[in-house]
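1. mind folding the following:
(2 chains)
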Amino acid sequence: MNMKKFLIHLSLILAFIFIYLLQSIFFTNFTIAGIKPNLFVILMLFIGLYTGRSMGIIYGIIYGVLIDLWIGKNIGITSVCLALVGIVGGIFDKNFSKDSRIIIIFIGALSTVLYETAVYILQIILFNINVEVLSFIKILLIETIYNILILVILYPLIRNSGYEIESEIKGDKILTRYF
Amino acid sequence: MERNKKVGAVGVIITIIILILLVIFTNKSTENISTIENIANIVVVPIQNGLTYLKNKINNNDSFFENIDTLKAENEELKQKNSELEKSLREFEVMKTENEQLKQQLNLAEKYSEYTTIPGTIISRDISNYSKTLLINVGSNNGIKENMTVIAEEGLVGYVVSTTPTTAKIQTIVDSASSTSCLSSTTREIMVCKGTIESESTLKATNISTDANIIQGDSVETSGMGGIYTKGIHVGRIKMVSEGTNKIDSYAVIETAVDFEKLETVLVIIQ
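-> Predicted coordinates:
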């Protein structure tokens, strides 16, 4: 592994720690109607979109296990669902252009809905919690809007750093798609 | 290209402003809304006055004005009386809540003096919107073990799920996956209180017996059943009782004594 690749992986781990701190300290107070955004979904989508499906799955599982170890009730739910977002990112990477802001926002919204629905369903099954469909939809809606707003703000950063990472990680493979 | 970049930057700034405004407005309490009302009044009242003056001029009816004068005087008098009454009511309410708080503090001090506790500070909160676990800065090095009860000054917080040498993870009673066996203080009715995803300050009490007598405003405490929570710890007050179409699906909403949004320090009962 060359130096640049190592730096990319290091920055992805640092980004995860930074987002964890943001999410657990800053966003617990900076809410829209009491609802926090989910920056991990955005990070996972970013990894899936610019590094491919397999990296998306690996990072999803690693991040998920760490989150569950730190604050989760059991190990597994977050891993599975974050890996799912990584897969979604990988699929969209192959089929859509990443130059469009609208498409990135659309994928972000879709991933948030998918992730939260999967987490909620798994929680219902594993912890036997009460099913509250209306409250769930309300939370989901606000969270998705919040994530969309953050994606709009972060889009320039995502695009620029994304292309850097993509060209480094995928190397020659990337050319076959365009030529 | 340059223009596109500029448009993009403006878009990002506008989104940041929208986000901040959304966060501020959706989290404002109702008392702040009165400021907006006041501003609206400042704009609307002069227009209203002007229009009323015009209307009166057009009507030009003497008896009408005489009536208005007496009515005005009467109205003034009533307003004064009303404000005096409101004032005394406010004073009464303040005294009532003060009284309740003092009673509660006295009770708690007596109730919890028998336990040996270790204080801990919350260092991290759950990242998701569906679960409400907490992380505190004391762990197995301080003698904390799994399944220990965690309380705050106001009442029950939750229990310890897992520990590391320096931290402990707490599952709060408002977490949607947690169930607490409780009983009402006066009627001693047993119920199971579950957390909801909807609110961080209420619990849903189910499994209430069909002939149970649940009183609104009654205080709720832990029953000691289930083997995790110690008996007799204050949980909250019954906010609402809902009787379903049949008695079996009736439930009660319990307002927790602890304000989980503002909670900063907790006590872990070790003995």
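2. element containing the residue sitting nearest the centre point of chain A?
-> Nearest to the mean C-alpha position of chain A, by CA atoms, centre = their mean, lies A:Val41 at 2.3 Å. Here A:Val41 sits within helix A:39-51, counting by DSSP states H and E.
3. establish whether that helix and chain B are in contact.
-> Yes - contact of helix A:39-51 with chain B (CB under 8 Å from any CB of the partner chain) involves A:Phe40. (Glycine included, C-beta is placed from N, CA and C.)
4. now that helix: buried residues?
-> A:39-51 (16 or more other CB atoms under 10 Å in any protein chain shown).
5. closest to chain B out of these?
-> Ranked by distance to chain B (CB to the nearest CB), those are led by A:Phe40 at 7.2 Å.
6. how close does the residue nearest to the centre of chain A get to A:His9?
-> Here A:Val41 is placed at a distance of 20 Å from A:His9 (CB to CB, to the nearest Å).
7. which residues touch the nearest residue to B:Ile190 once chain neighbours are set aside?
-> Leaving aside its sequence neighbours, B:Ile190 sits nearest to B:Leu183 (CB to CB, 6 or more residues apart in numbering or on different chains; 5.0 Å). Counting by CB atoms under 8 Å, 6 or more residues apart in numbering or on different chains, B:Leu183 touches B:189-191, B:220-223.
8. from the residues you listed, which land in helices?
-> Judged by DSSP state H, helices contain none of the contacts of B:Leu183.
9. picking up where we left off before, list the helices and strands the helix holding A:Val41 packs on?
-> Applying 3 or more CB pairs under 8 Å, 6 or more residues apart in numbering or on different chains; DSSP states H and E, one finds that helix A:39-51 contacts helix A:3-21, helix A:53-70, helix A:77-95, helix A:101-127, helix A:133-170.
10. buried deepest among these, which one?
-> Among those, helix A:77-95 has the highest mean neighbour count (mean count of other CB atoms under 10 Å in any protein chain shown), at a mean of 22.
11. hmm, back to that, now render the helices and strands packed on helix A:39-51 as TSV, adding distance to B:Glu154 and mean pLDDT.
-> Output for the helices and strands packed on helix A:39-51, formatted as TSV (distance: least, CB to CB, whole Å; pLDDT from 0 to 100):
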stretch	distance to B:Glu154	mean pLDDT
helix A:3-21	28	89
helix A:53-70	27	89
helix A:77-95	31	86
helix A:101-127	26	90
helix A:133-170	25	89
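12. dump those helices into JSON lines; add distance to chain B as well.
-> Below are the helices and strands packed on helix A:39-51 laid out as JSON lines (distance: least, CB to the nearest CB, whole Å):
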{"stretch": "helix A:3-21", "distance to chain B": "7"}
{"stretch": "helix A:53-70", "distance to chain B": "7"}
{"stretch": "helix A:77-95", "distance to chain B": "8"}
{"stretch": "helix A:101-127", "distance to chain B": "4"}
{"stretch": "helix A:133-170", "distance to chain B": "4"}
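13. follow-up on the earlier one: contacting residues for the residue nearest to the centre of chain A?
-> The contact partners of A:Val41, by CB under 8 Å, 6+ apart, come to A:82, A:85, A:108, A:111-112, A:115, A:147.
14. in chain B, what secondary structure element scores lowest on mean pLDDT?
-> Among the helices and strands of chain B, helix B:30-59 carries the lowest confidence by mean pLDDT, DSSP states H and E, at a mean of 69.
15. quick one: mean pLDDT over the helix or strand just after that helix.
-> As assigned by DSSP H and E, the chain's next helix or strand after helix B:30-59 is helix B:62-112. Averaging pLDDT along helix B:62-112 gives 79.
16. helices or strands next to helix B:62-112 in the packing?
-> Contacts defined by 3+ CB pairs under 8 Å, 6+ apart place helix B:62-112 against strand B:234-242.
17. ok, now with 10 Å
-> Judged by 3 or more CB pairs under 10 Å, 6 or more residues apart in numbering or on different chains; DSSP states H and E, the packing partners of helix B:62-112 are helix B:30-59, strand B:149-151, strand B:219-222, strand B:234-242.
18. briefly note if the helix or strand just after the shortest one comes near chain A.
-> Using DSSP H and E, the helix or strand that follows strand B:149-151 towards the C-terminus is strand B:156-163. Yes - Strand B:156-163 comes into contact with chain A when judged by CB under 10 Å from any CB of the partner chain, the residues involved being B:161-162.
19. strand B:156-163 vs helix A:53-70, what angle?
-> Interaxial angle of strand B:156-163 relative to helix A:53-70 (axes from the mean of the first three to the mean of the last three CA atoms, to 10 degrees): 120 degrees.
20. list the strands paired with strand B:156-163, with their directions.
-> Take DSSP bridges as the rule and strand B:156-163 pairs in its sheet with strand B:149-151 (antiparallel), strand B:168-172 (antiparallel).
21. can you redo these as a markdown table with distance to A:Gly89?
-> As requested, the strands paired with strand B:156-163 are exported to a markdown table (distance: least, CB to CB, whole Å):
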| stretch | distance to A:Gly89 |
| --- | --- |
| strand B:149-151 | 39 |
| strand B:168-172 | 30 |
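22. thinking again about what came up before, scan the contacts of B:Leu183 and report the most crowded one.
-> B:Val220 (28 neighbours; other CB atoms under 10 Å in any protein chain shown).
23. got a list of what it touches?
-> B:Val220 makes contacts with B:155-156, B:180, B:182-185, B:189, B:191, B:193, B:203, B:205, B:214, B:234-238, B:252, B:254-257, as judged by CB atoms under 10 Å, 6 or more residues apart in numbering or on different chains.
24. let's go with 6 Å and repeat that
-> B:Val220 sits next to B:182, B:184, B:235-236, B:254 when contact means CB atoms under 6 Å, 6 or more residues apart in numbering or on different chains.
25. quick one: it from A:Ile91, how far?
-> From B:Val220 to A:Ile91 the distance is 49 Å (CB to CB).
26. next one: A:Thr112
-> For A:Thr112, the distance to A:Ile91 - CB to CB - is 16 Å.
27. could you do A:Leu122 as well?
-> Where A:Ile91 is concerned, A:Leu122 sits at a distance of 21 Å (CB to CB).
28. mean neighbour count and mean pLDDT added to the strands paired with strand B:156-163, as TSV?
-> Listed next are those as TSV, based on neighbours: other CB atoms under 10 Å in any protein chain shown; pLDDT from 0 to 100:
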stretch	mean neighbour count	mean pLDDT
strand B:149-151	24	90
strand B:168-172	24	92
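29. wait, A:Ala109 sits on A:Thr144?
-> Yes - counting by CB atoms under 6 Å, A:Ala109 touches A:Thr144, with 5.2 Å between them.
30. still on that earlier bit, now the angle from the helix holding A:Val41 to helix A:101-127?
-> If you take the same axes, to 10 degrees, helix A:39-51 sits at 120 degrees to helix A:101-127.
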